[in-house]
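Undergrad: quick one, structure for this:
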Amino acid sequence: MISRLNLAVSKLLFCYKISLNTLTFLKLLWNTKRFSLFPNQSYLISEIPTSYELKLNGFVRELYLRTYAGDIAILYEIFWQKAYDRFTINYASLETIVDLGANVGLASLFFKSVSPQASILAVEPESKNFEVLQKNLKKIINSENIIAIKAAVNYVDGPLALKRERFAFNTKIDSSFKGETIEGISLNTLFNRYNLRKVDLLKIDVEGFEHQIFSANLDWIDKVENIIIEVHSEKDYRTCIDTLTQKGFTIKPLKQNIEQENIYWASR
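TA: Numbering: from 1, shown residues only. Okay, the predicted model is just below:
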């Protein structure tokens with residue numbers, strides 16, 4: 001009971017700390033509560049993102065988040081629970097970051113806040129997510145070396161189909177599903193297209209498609225120094241982690257006391 005109370009107080013203080021004004025604070029609290037009270041509300045309804053004026057890691061942004069799509073949950077995961085702070089990566093030294101499965105851009109914003117000199121490629125395939133991502137990154141795209149790319153990554157180039165799930169961040173690539181068709185590119189093509197000779201950090205969160213990326217055409221891996229990867233099944237784990245180990249990476253699991261997917265840090 002005490003731990004739940006402490007958790008609630010911690011979240012409340014976090015919302016107060018990051019809100020630039022009372023209206024944003026109240027909207028954040030209200031929409032967080034709405035999401036918890038009505039978890040079965042479908043985001044597939046054309047949900048208009050709510051704007052929030054926030055200060056995150058010292059930078060001020062107007063962010064757009066959808067209540068029922070799960071965007072607020074991602075905000076908490078990254079900036080309150082500090083998912084990516086738990087790795088001992090020297091973020092300030094990074095020059096090139098690739099964010100695969102960028103969703104609405106919150107991870108890219110975190111990386112920019114801790115790696116201000118870095119160039120970032122934010123790659124997201126789903127149309128609605130990508131629209132929100134562009135709104136969230138619009139003031140810093142190009143001017144601060146962030147490029148938003150609407151595509152899905154595979155081991156080969158070619159069209160892929162998307163299957164929407166309950167939450168927007170769980171949208172999957174599913175070749176057997178007749179859904180939205182999007183551009184699929186290999187990491188070799190992506191790196192060549194944007195002249196990436198070295199990638200300091202590659203973040204991969206592609207909802208169960210990890211094993212496809214690691215299944216063939218792995219020339220790109222020699223250009224990468226650090227990988228943060230979320231794996232979603234034993235099959236993904238075996239393919240990805242075994243391949244990274246064979247390629248000379250040291251693998252460390254994410255260590256934290258919150259509910260979390262299986263996230264690993266691979267470094268040379």
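
Undergrad: could you pull out the strands for the stretch 101-250 of the chain?
TA: 119-123, 146-149, 152-154, 160-163, 172-173, 180-182, 184-186, 199-204, 224-231, 250-253 (DSSP state E, counting those that start in this stretch).

Undergrad: make TSV from those and add mean neighbour count and distance to residue 28 to it.
TA: C-beta coordinates here come from the backbone N, C-alpha and C atoms, glycine included. Shown next, in TSV, are the strands of the stretch 101-250 of the chain (neighbours: other C-beta atoms under 10 Å; distance: least, C-beta to C-beta, whole Å):
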stretch	mean neighbour count	distance to residue 28
strand 119-123	25	23
strand 146-149	20	24
strand 152-154	25	31
strand 160-163	19	29
strand 172-173	21	29
strand 180-182	14	30
strand 184-186	21	36
strand 199-204	24	25
strand 224-231	21	25
strand 250-253	12	31
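
Undergrad: what's the nearest residue to residue 243 if we skip its chain neighbours?
TA: Distances taken as C-beta to C-beta, 6 or more residues apart in numbering place residue 214 nearest to residue 243, at 4.8 Å, with adjacent residues excluded.

Undergrad: kindly apply the preceding question to residue 31 instead.
TA: The shortest distance from residue 31 to any non-neighbouring residue, by C-beta to C-beta, 6+ apart, is to residue 67 (4.4 Å).

Undergrad: what's near enough to touch the residue nearest to the spatial centre of the chain?
TA: Centroid-nearest residue in the chain: residue 102, 4.1 Å away (criterion: C-alpha atoms, centre = their mean). Listed by C-beta atoms under 8 Å, 6 or more residues apart in numbering, the contact set of residue 102 reads 108, 122-124, 129, 133, 148.

Undergrad: what's the lowest-pLDDT member of these?
TA: Lowest pLDDT within the contacts of residue 102 is found at residue 129 (91).

Undergrad: now the spatially closest residue to residue 151 that is not a sequence neighbour: how far from residue 158?
TA: Using C-beta to C-beta, 6+ apart and skipping the chain neighbours, the partner closest in space to residue 151 is residue 183 (4.5 Å). Per C-beta to C-beta, to the nearest Å, residue 183 is found 9 Å from residue 158.

Undergrad: for the two, indicate the residue with more neighbours.
TA: Per other C-beta atoms under 10 Å, whichever of residue 183 and residue 158 has more neighbours is residue 183, with 15 against 10.

Undergrad: now do the contacts for the more buried one.
TA: Residue 183 neighbours (C-beta under 8 Å, 6+ apart): 125, 150-152, 159-160.

Undergrad: just the pLDDT at it, thanks.
TA: Residue 183 is given a pLDDT of 82.

Undergrad: okay, now the unreliable bits of the protein?
TA: For the chain, the stretches with pLDDT under 70 are 1-2, 39-46, 141-144, 162-180, 255-261.
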